[in-house]
Structure formats: C-alpha cells, structure tokens
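S.K.: Got a predicted model here, sequence first, then my questions.
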Amino acid sequence: MAAPAATVSAPSRCLSSANPRSAAQLNPTSLAFAAPSAGHRRGGDRCLGVRAKVASGVQSASVVGDEAQRPWKLSDARLVLEDGSVWRAKSFGASGTQVAEVVFNTSLTGYQEILTDPSYAGQFVLMTNPHIGNTGVNPDDEESNQCFLGGLIIRNLSICTSNWRCKETLEEYLIKRNIMGIYDVDTRAITRRLREDGSLIGVLSTDESRTDAELLEMAKKWKIVGVDLISGVTCDAPYEWSDKTDSEWEFKKDQSSETFHVVAYDFGIKHNIMRRLTSYGCKITVVPANWPASKVLNLKPDGVLFSNGPGDPAAVPYAVKTVQEIVGKIPVFGICMGHQLIGQALGGKTFKMKFGHHGGNHPVCDLRSGRVDISSQNHNYAVDPESLPEGAQVTHINLNDNSCAGLQYPKMKLMSLQYHPESSPGPHDSDTAFGEFIELMKTNRS
Ligand SMILES: NC(=O)CC[C@H](N)C(=O)O
C-alpha cells in the first residue's frame, strides 16, 4: 500500500490468560465483558457450562495483589483520534501500532466479508452492532485472499462461537492475518463523534511505551486523501475466474444460456462480484489496475467491469485514463470505486463525504422505476452529479441523503452503481443490476 503505515507486529500473547472457571467463580457479572481463553470460546456447550456454574452461585474470594490470577483482562490498547480524544480498550488479534481512518459500519452481520473487502484498505472498521464474533470465521465467506483493512473496533467480543460453518474464532483469524482488533470500547460514542465531526484519522496501539501525544502526532500527520491505495490491493497479473455462487446459496434459478466474456479491472475486487457475474453466465478475465486499455480492447470482450476499490478516486489518474479509453467502445459496468472512476472519466468530479456510507441498510431509489432497494454500501467518496456532462443520467439516489447512487449513459453503453449489488454482506435486492449488465451486453451483440 502506498499510504505510510506503521508497523504491526505479530501478537505476543493470546487474548487472555484468564481461566474461565475462575472467571465464573470470582466475578460472575464480569462475564459479559471478560475475555475467555481461546479454547473456551469454541463451541456453545462449553460456554453454557460456565453459565451453569454462575447460575449455581459457586463463588470464592479473589486474592488481593495476585495479578496473575485476575480473571478479567485490563485495558491494554488505545485508540487516539486526531481530535485529541483517547479511547482505552482491550486488544485482540495482532498487537502493535497502526494508523488509519476510522469508519463505522452499521451491518448487523457479515463481519468476515467486511474484514476481507479490499475497499477498507487504510481504514479501521468500527462495527456499530455491539456483539461481534459469535459466528466465528469460515473458509467460504472470504471476499479476497487477504485482509487489507487497518483494524477492527468492536464493543463486545463474543465469548463463544456457535455456527455450523465456523472453523476458527475471529480472534484466531485476526492473529493469523496480523490484523489488530480492539473491544470493550464505547463504539456508540465514537460513532456519534464521527457523525458530528466527520471521518477522523486514528492510531491504534498496544505499545504502552508510546505517549498519547506521540500517537496524536502520528494521527495528525497521516493522510488518506490523495493517496493511491489501489496499487496496494490489485492483483499482480491477469487470471481467469470461473466460480459461481454455490448452488446451495443461489437464489436466481433461471441461468442464462448465453456466455459473455467480461474483463474485470481489479481495483480491489470482491469475490462475490465475480461469483454473481459467473452465475449470470459470464466468463471472467481479471486484470490488474494498471493493465493497458488497448490490451483489454484487443481481447474483444463483451463487456468490462470496473470494480470496487479503496481510497480516493481522484488519486488514481492512471485508472481514470484507462476508463476513458474504454467507455463508449464496449458495454461497461462500474461498481463503487468503478462508478467513481467512470464519473471522473466523463469529466465529472468526486468529493469526500462527511462520514460516508457503510452498512447493509441503505435505501436506494431507482429513479427510472421508483423501486426502492435496501442496499449494501461502503464508500467515503461520491460523484457530484452537477459536474457530469449532458447525456449522463443519474439512475439511482441514496434516500438517506439524496446523493448520487447510480449512473447510466446509454449512448456510451455504460451503467454504474455507487453501492454493492453483490452484497456480501447485505441484502440481495440489487442483484438485478447484474441482469441489466447482461442485457446491455446482449443488446450490443445484436
Ligand atoms: N467500496 C468501494 O469501492 C469504495 C470506494 C472508495 N474507495 C470510497 O471510499 O468511496
């Protein structure tokens, strides 16, 4: 990633050395916040066992001064925001010091898809749902092969996992991927601050040798606007993608008999965009963000997909140029960052929103039909519709703030959405957008 980031070291310890048995015995009321050992967290039965002990009222006194026996975990991490506020928290996942922009996400489920969405590079994701980790992590919900986000901020880390697909705990997963996480922090208060004052840069640290002032200085110096974050998340070389949505999860039964070749620009592409396109009958060639437009046009694809991706769309002029060289020649579909790059390529402007849209509950209106979808969203920038040339039409608006949520330019054979029709996580209402892209390619063929 091009943005300067502080180092994160591999964790030196697990979440807690606490013994769940003594946790139950010494301080039953602290259980909701106590961090049990990793072994204890797996499987509902063991959790229930502890709860049963609490209910039976087994208690004993703690030993004053016996720190090693403390059944609870003390706060061992800080989040210092650029406004000077310091939030003490407990760490899980990796330890170290990391700087990023804090964004809040209102999704109730899908933390694993959020963790693996490359569009979160350079950001700490704060989940407003207070209870996270209860379904653990599984191998099928990955939206990319890596976690690119700066870290995870949550209120309450589930004391156990309970899901038939769970293969490991959230804590184990973050440790493996060297991603910092904090819990037991007032996520509501931080969210209110972000809503009032707008996005803030923060520094997360488990390093007690660093002063608050030092961390504040770090937050103030760090910049995300104007930084190319795409080059840190895109693939190194082209590849083919052929995985459909698993039949178990497929809700669209009428599969297309026609096949379309789509070249997908990987600006930080989510797997589910490719799975959905494949389910709709596309054969996909994925290319890196800096892949020349001429090489793509030489392949004579039926269409081009400009993917989602992290950061400021105004900081990647090479990608805007590529989009410019392709639009108007073949059907194109832009999703999120792809939509913003199309806006720029048409001569429009993008701007940074106060705190953006991140969640699975945003109402979007399709102005052509009046239909309202509940959509999955993750963006901090938006296209200014006033800056677009004649011919480019706003097709969708976000009903929370009337911002531009979709575009079309029929003469240029283009369509784009500011949000995520592939969901993952989130509602599937807008999946029909992939069908619209198929129609665009079909019409262009005939
Ligand atoms: N999901 C995305 O593609 C994010 C787009 C862009 N990085 C933004 O924050 O606005």
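M.R.: It's in.
S.K.: now check stretch 371-385, is it near the ligand?
M.R.: Yes. Counting by Cβ under 6 Å from any ligand atom, the ligand is contacted by stretch 371-385 at 378-381. Heads up, the C-betas are built off the backbone N, CA and C, glycines and all.
S.K.: Of these - the most surrounded one?
M.R.: N378 (28 neighbours; other Cβ atoms under 10 Å).
S.K.: tell me how far the ends of stretch 277-288 are from each other?
M.R.: 18 Å (Cα to Cα, to the nearest Å).
S.K.: I'd like the average pLDDT over it.
M.R.: Averaging pLDDT along stretch 277-288 gives 97.
S.K.: same check, this time on stretch 426-433
M.R.: Stretch 426-433 comes out at a mean pLDDT of 96.
S.K.: picking that back up, out of the residues of stretch 371-385 next to the ligand, which are inside strands?
M.R.: 378-381 (DSSP state E).
S.K.: For burial, what's the neighbour tally of the closest residue to the ligand within the stretch 51-200 of the chain?
M.R.: Ranked by Cβ to the nearest ligand atom, the top residue of the stretch 51-200 of the chain for proximity to the ligand is S119, at 3.4 Å. S119: 31 surrounding residues under other Cβ under 10 Å.
S.K.: cool, E250 as well?
M.R.: E250: 13 neighbours (other Cβ under 10 Å).
S.K.: excluding its backbone neighbours, what's nearest it?
M.R.: S279 (6.3 Å; Cβ to Cβ, 6 or more residues apart in numbering).
S.K.: Likewise for I284?
M.R.: For I284, ignoring the flanking residues on the chain, the nearest one in space by Cβ to Cβ, 6+ apart is W241 at 4.2 Å.
S.K.: before we move on, what about S256?
M.R.: Per Cβ to Cβ, 6+ apart, closest to S256 is G281, 3.4 Å.
S.K.: Which residues of the stretch 201-350 of the chain lie near the ligand?
M.R.: So the stretch 201-350 of the chain meets the ligand at 308-311, 336-337 (Cβ under 6 Å from any ligand atom).
S.K.: ranking these by neighbours, who comes first?
M.R.: So for these (other Cβ under 10 Å), the most neighbours sit at M337, 32 neighbours.
S.K.: For the strand ranked longest in the chain, what does the pLDDT average out to?
M.R.: Longest strand in the chain by number of residues (criterion: DSSP E): strand 349-366. In this model, strand 349-366 has a mean pLDDT of 98.
S.K.: for stretch 202-212, same thing?
M.R.: 97.
S.K.: Only C-alpha atoms, please: export it in PDB.
M.R.: This file holds the C-alpha atoms of stretch 202-212, laid out as PDB (Å, rounded to 0.1, in the frame of the first residue of the first chain):
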ATOM      1  CA  GLY A 202      -6.800   7.400  14.400                       C
ATOM      2  CA  VAL A 203      -3.900   5.500  15.800                       C
ATOM      3  CA  LEU A 204      -4.400   2.100  17.400                       C
ATOM      4  CA  SER A 205      -1.700   1.000  19.700                       C
ATOM      5  CA  THR A 206      -0.900  -1.700  22.200                       C
ATOM      6  CA  ASP A 207       2.500  -0.200  22.800                       C
ATOM      7  CA  GLU A 208       2.500   1.400  26.300                       C
ATOM      8  CA  SER A 209       5.900   2.900  25.800                       C
ATOM      9  CA  ARG A 210       4.400   5.500  23.300                       C
ATOM     10  CA  THR A 211       2.800   8.500  24.800                       C
ATOM     11  CA  ASP A 212      -0.700   9.800  23.900                       C
END
